[in-house]
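K.L.:
using only what follows, build the 3D model:
(one chain, ligands or ions: 1)
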Amino acid sequence: MSSKRIVPVNTPLFIGNEKKYLNDCIDTGWVSSDGSYVKKFEKEFAKYIGVDHGISVCNGSLAIDLAIAALELKEGDEIILPTFTIISCISSIIRLGLNPVLVDCCPETFNMNPDEVIKKISPKTKAIMVVHIYGLPVDIDPIKEIATKNNIKIIEDSAEMHGQTYKSKKCGSMGDISTFSFYANKHITTGEGGMVLTSDEELAEKCKYYRNLCFKAESRFVHDDLGWNYRMSNIQAAVGLAQLECIDEFILKKRDIGKKYQDRLKNLSEIFQLPIEKNNFAENIYWVFSLVLKQGLNFSLKDITNYLSSHGIGNRPFFWPMHLQPYLLKQDYFKNEKYPNSEYIAKHGFYIPSGLGINDDDINFVCDLIEEAVNELS
Ligand SMILES: Cc1ncc(COP(=O)(O)O)c(C=O)c1O
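P.N.:
Below you'll find the model as predicted:
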């Protein structure tokens with residue numbers, strides 16, 4: 001009996017020195033954050049992005065926590081961020097007693113709209129969180145210009161953008177402080193993992209201090225401040241270093257996956273909004289390959305994603321906007337605020353398998369099933 005064919009939404013790819021470096025950790029006994037791969041990975045990743053300091057952590061959500069904590073803002077200070085993003089972007093803002101101020105996205109790129117950011121700046125704005133979404137970078141220049149004029153810090157969440165550029169500058173090199181995730185579906189992975197990057201020496205020192213329980217060299221267990229243990233292990237960093245050695249190849253592969261989907265699915269452009277291949281700032285890096293249902297169809301997002309799931313095709317819905325999060329509404333945030341572009345894509349968007357381990361056969365199978373679903377449901 002043949003088993004059902006399944007294409008997972010993500011499959012990572014390990015084709016380099018991962019096993020060699022992992023064996024080295026085990027053979028030498030260096031498995032904690034004190035091992036040498038942590039420093040090597042931090043140094044090489046920071047160099048690759050083009051900043052001075054890399055501070056590795058356990059995941060991308062905690063990288064955001066650490067970056068915000070290092071800015072040492074005061075209760076009530078405002079941080080502007082997109083409503084269309086992952087909960088990690090807002091959770092530490094709320095926990096630290098800061099005020100989140102939301103902006104809508106551009107419907108074609110899903111990225112925060114710089115004009116909306118400019119409108120939301122107030123005397124209380126102390127930081128802007130720029131989050132690059134799904135494959136194309138935010139149009140960051142106008143945001144940087146107004147931030148510089150008003151002495152506002154930029155936190156650049158580049159969790160999905162390893163190796164992507166904006167006008168030839170690497171994502172993660174343009175903020176005062178930036179963050180990355182190395183979760184298994186990222187362009188390079190450490191399983192779980194993240195990093196904060198900055199060229200500001202003082203911010204880097206604060207990140208290292210808070211990441212490491214605020215230990216002090218001179219009196220280790222006597223604490224002046226409360227921190228966290230957010231450290232990355234040598235095992236994670238060993239995998240990260242090996243992955244980083246392959247990053248150029250991985251980016252080419254992701255773009256190739258994106259191109260193959262574009263070629264196969266362009267005949268369905270009356271049904272789906274496909275990702276933009278390139279714009280004035282960048283060529284899509286396809287962290288995920290997204291599809292947004294157009295208006296006026298006689299089937300819903302649930303209909304098509306259920307169809308695909310029941311035929312073995314992994315898929316995920318889009319992020320659910322922050323202003324519609326039940327937890328935040330219960331806490332009286334964002335009452336009656338409306339962000340129509342984010343609401344539309346959240347209610348009509350999903351993404352299909354596009355991890356680095358996918359092959360051409362799987363891509364064709366996914367596209368066949370999407371065509372079949374559209375024919376059956378229309
Ligand atoms: C934009 C963005 N920020 C932060 C994160 C959180 O990263 P992690 O899953 O490593 O905590 C993600 C995760 O995908 C993300 O997409």
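
K.L.:
who's in contact with Ala282?
P.N.:
Residues near Ala282 by C-beta atoms under 8 Å, 6 or more residues apart in numbering: Leu136, Pro137, Gln164, Thr165, Tyr166, Lys167. No exception for glycine: its C-beta is placed from N, CA and C like everyone else's.

K.L.:
ok, now how distant is the third one from Ile55?
P.N.:
Read it as Gln164. Gln164 is 21 Å from Ile55, where distance means C-beta to C-beta, to the nearest Å.

K.L.:
of those two, which one has the most company?
P.N.:
Ranked by neighbour count (other C-beta atoms under 10 Å), Gln164 and Ile55 place Ile55 first, with 30 against 24.

K.L.:
leaving out chain neighbours, which residue sits closest to the closest residue to the ligand within the stretch 51-200 of the chain?
P.N.:
Taking C-beta to the nearest ligand atom, the ligand has its nearest neighbour within the stretch 51-200 of the chain at Gly60, 2.5 Å off. Using C-beta to C-beta, 6 or more residues apart in numbering and skipping residues adjacent in sequence, the residue nearest Gly60 is Ser181, 2.5 Å away.

K.L.:
identify the bridge partners of that neighbour.
P.N.:
According to DSSP bridges, the partner residues bridging Ser181 are Gly194.

K.L.:
contacts only, for Val292.
P.N.:
Residues counted as contacts of Val292 (C-beta under 8 Å, 6+ apart) are Phe272, Gln273, Phe318, Tyr344, Ile345, His348, Gly349.

K.L.:
out of those, which is nearest to the ligand?
P.N.:
Closest to the ligand, out of all of the contacts of Val292 and judged by C-beta to the nearest ligand atom, is Phe318, at 11.3 Å.

K.L.:
list the residues that contact the residue lying closest to that closest one once chain neighbours are set aside.
P.N.:
Leaving aside its sequence neighbours, Phe318 sits nearest to Gly349 (C-beta to C-beta, 6+ apart; 3.7 Å). Residues near Gly349 by C-beta under 8 Å, 6+ apart: Ser290, Leu291, Val292, Leu293, Leu301, Pro317, Phe318.

K.L.:
if you set the cut-off to 6 Å instead, what comes out?
P.N.:
Applying C-beta atoms under 6 Å, 6 or more residues apart in numbering, we find Gly349 in contact with Ser290, Val292, Phe318.

K.L.:
one more: Gly54?
P.N.:
Applying C-beta under 6 Å, 6+ apart to Gly54 gives the contacts Glu42, Phe45, Ala46, Met195, Leu197.

K.L.:
what's the most distant pair in those residues?
P.N.:
Distances among the contacts of Gly54 were taken as C-beta to C-beta; the most separated pair is Glu42 and Leu197, at 9.0 Å.

K.L.:
so which of the two has more stuff around it?
P.N.:
Each of Glu42 and Leu197 has its neighbours counted (other C-beta under 10 Å); Leu197 has more, 30 against 21.

K.L.:
quick one: the helix or strand hosting the more buried one near the ligand?
P.N.:
Taking DSSP states H and E as the criterion, Leu197 maps to strand 194-198. Yes: if you take C-beta under 6 Å from any ligand atom as the test, strand 194-198 does meet the ligand, through Gly194.
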